[in-house]
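> sequence first, then the predicted structure, then my questions.
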Amino acid sequence: MKKLLCMIAAILFLALVSSAMIGCSQTADTTSPEKAAERTSEKEDKEDKEPSDKEDKEPSEKEDERLSGKSYAELLFDPSVVHTVDVTISDADWTDLKANPLGKTKYIASVFIDGESLENVSFSTKGDTSLKQVVEDTESDRYSFKINFGKIIKGQTYHGLNKLHLNSCYADATYMKDYISYEIFRRTGVAAPLISYVWLSVNGEPRGLYTAIEDVSEAFLDRTADGKGMLYKPEKSKYTNIYGEEVESDQGASLLYIDDNISSYPNIFDNAETKADDEDKLRVVSALKALSEGTDVSGVLYADEVIRYFAAHNFLMNFDSYNSSMLHNYYLYEGDGKLAMVPWDYNMAFGCFSDLPGLAKYVIDPTPLINMGIDSPLVEVQAEERPMWRWIAEDDSARQLYHTAVDSLLSDHIESGECEELINALQEKLLPYVEKDPTAFYSVEEFNTGVQAMKQFLKLRAASVRAQLAGTLSADTGSQNPEDWVDASGLNLFLMGGQDMQ
């Protein structure tokens, strides 16, 4: 009899537990996702592999309350401090990540940002060439990472931020190339991703000083465009032909008009950062057609923003970009049928990209590079191959507005000393962290000399561009007299870091 009563009690207990679990599940299912996660990235849907050992679940009311209040821009991207990011991941997953970094597998992790906890986030390596080069470096496992706050718990964000990049400062002895570049864009009037510095640790082990960068997707749109518009990340693709040769393919990455078919632009639409339907994509195609034909350009471009984009971009001399055959590292924004460009990935700016034959010769003496004409900023490609730049180069009024934007950049931010003051303040703030960085690519001495080289670059480049605007040096490289060049022979660009200088 006693045994029977025990069995009945056990059955009743299990029933109560099951009922409670079902009730909790229903409560979670009715929780509304936050605004920043309403639009799901097509690219994430295709490429991200859902972790297999946990089901998707909605955030609880407690998490909603905890994530409300100040925005991520006010918190993680407060520039006055170096923040802390602590990642907790199972030992087995951390070991697997380090053994297979090129797989970019999404692992379940917890993250503590300045002490604030978010559970069940997606954590993975990130990068392309930089990731491969770190993998090939037998002395380093300093990878860059990406956190997706809402991949597992749908709708979860960090105060509105859906995804976060943690960059290792690969090929950057200054730790500042991205930071200063994005600041210059912002101060020139271009929407750029937010950036700050963090001290990163994984499972309690310090990984060092990293940059935290806002993902250019849903939250970026919420912050810069009231959540309106679409984002794409055009990038050339590669494939192997029947002869076994690797061939590069444009297919829309250059923004050249091909035809009216959406399928002709896979390197734009397969890289959508926001969910786009055919109507959205056709607006882009229509804009590219008008841009190519030179008809109603002002009606299909946010012209002022595109002009300011190239004013900053061409001054910074980043050739791992749209300005060369590399053809990547920018986002395309479309709103109401009009296009603009968003900057991305400037660790090879300040003339530090030498992977192209046309640039390698400037390693010894960068004088010709520093004096490159602001009206001829392309390397190994022609203006007709880059329509977003071509309309500025070929339209007198647009080119004059471009020169005005460049002039404002110089006078307001470079010649005024503003940018150098920012660099000095960053150097002072970052130095204690560089000194204790356990996985740093560069020494403290290399950090300090790299910062000096950056300031020297800005002064020399500004002097050359000022001469071009004044007419004492041609703004077209092919028409320049070398006797008029600003002498940059004393500048070693690669003290700032580069792919060949790790």
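Perfect, thanks for sending it. Numbers count the residues shown, from 1 in each chain.
> how about low-confidence regions in this protein?
Scanning the chain with the threshold set as pLDDT under 70 gives 1-68, 240-242, 500-502.
> separation between residue 368 and residue 488?
Distance of residue 368 to residue 488, computed by CB to CB, to the nearest Å: 9 Å. Backbone N, C-alpha and C define where each C-beta goes, glycine included.
> now the strands for the stretch 1-150 of the chain?
For the stretch 1-150 of the chain, applying DSSP state E, counting those that start in this stretch gives strands covering 83-89, 107-113, 116-126, 144-148.
> swap that for the stretch 201-350 of the chain, please
Under DSSP E, counting those that start in this stretch, the stretch 201-350 of the chain gives strands at 205-214, 230-232, 237-240, 246-249, 330-335, 338-343.
> run the chain-centre distance for the second one.
Looking back up the chat, that one is strand 230-232. In terms of CA atoms, centre = their mean, to the nearest Å, the centre of strand 230-232 is found 14 Å from the chain centre.
> which parts of the stretch 251-400 of the chain are helices?
For the stretch 251-400 of the chain, the helices defined by DSSP state H, counting those that start in this stretch cover 266-269, 278-293, 297-300, 303-316, 357-360, 367-370, 387-394, 396-409.
> most packed of the ones you listed?
Comparing the helices of the stretch 251-400 of the chain by mean neighbour count (mean count of other CB atoms under 10 Å), helix 303-316 ranks first with a mean of 23.
> which other helices and strands contact that one?
helix 177-188, strand 338-343, helix 387-394, helix 396-409 (3 or more CB pairs under 8 Å, 6 or more residues apart in numbering; DSSP states H and E).
> got the angle for the last one vs helix 177-188?
So the one you mean is helix 396-409. Orientation check (axes from the mean of the first three to the mean of the last three CA atoms, to 10 degrees): helix 396-409 against helix 177-188 gives 120 degrees.
> what does the shortest one give?
Angle, strand 338-343 to helix 177-188, by the same axes, to 10 degrees: 140 degrees.
> on contacts alone, who are the packing partners of strand 338-343?
Looks like strand 338-343 contacts helix 177-188, helix 278-293, helix 297-300, helix 303-316, strand 330-335 (3+ CB pairs under 8 Å, 6+ apart).
> cool, the last one as well?
Helices and strands touching helix 396-409, by 3+ CB pairs under 8 Å, 6+ apart, are helix 177-188, helix 303-316, helix 387-394, helix 444-470.
> just how off-centre is the following helix or strand past that helix within its chain?
Next helix or strand after helix 396-409 toward the C-terminus (DSSP states H and E): helix 418-436. Helix 418-436 has its C-alpha centroid displaced from the chain centroid by 22 Å (CA atoms, centre = their mean).
> using CSV, list the CA coordinates for helix 418-436.
Taking C-alpha atoms only, helix 418-436 is exported to CSV below (Å, rounded to 0.1, in the frame of the first residue of the first chain):
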residue,chain,number,x,y,z
GLU,A,418,41.1,68.8,-33.6
CYS,A,419,42.1,65.4,-35.0
GLU,A,420,45.5,65.4,-33.5
GLU,A,421,44.1,66.3,-30.1
LEU,A,422,41.8,63.3,-30.4
ILE,A,423,44.7,61.1,-31.3
ASN,A,424,46.8,62.4,-28.4
ALA,A,425,43.9,61.8,-25.9
LEU,A,426,43.4,58.3,-27.2
GLN,A,427,47.1,57.5,-27.0
GLU,A,428,47.1,58.5,-23.3
LYS,A,429,43.9,56.6,-22.6
LEU,A,430,44.9,53.4,-24.4
LEU,A,431,48.6,53.2,-23.3
PRO,A,432,48.0,51.4,-20.0
TYR,A,433,45.9,48.8,-21.8
VAL,A,434,48.4,48.3,-24.6
GLU,A,435,51.1,47.8,-22.0
LYS,A,436,49.2,44.9,-20.4
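> kind regards, and thank you for your time.
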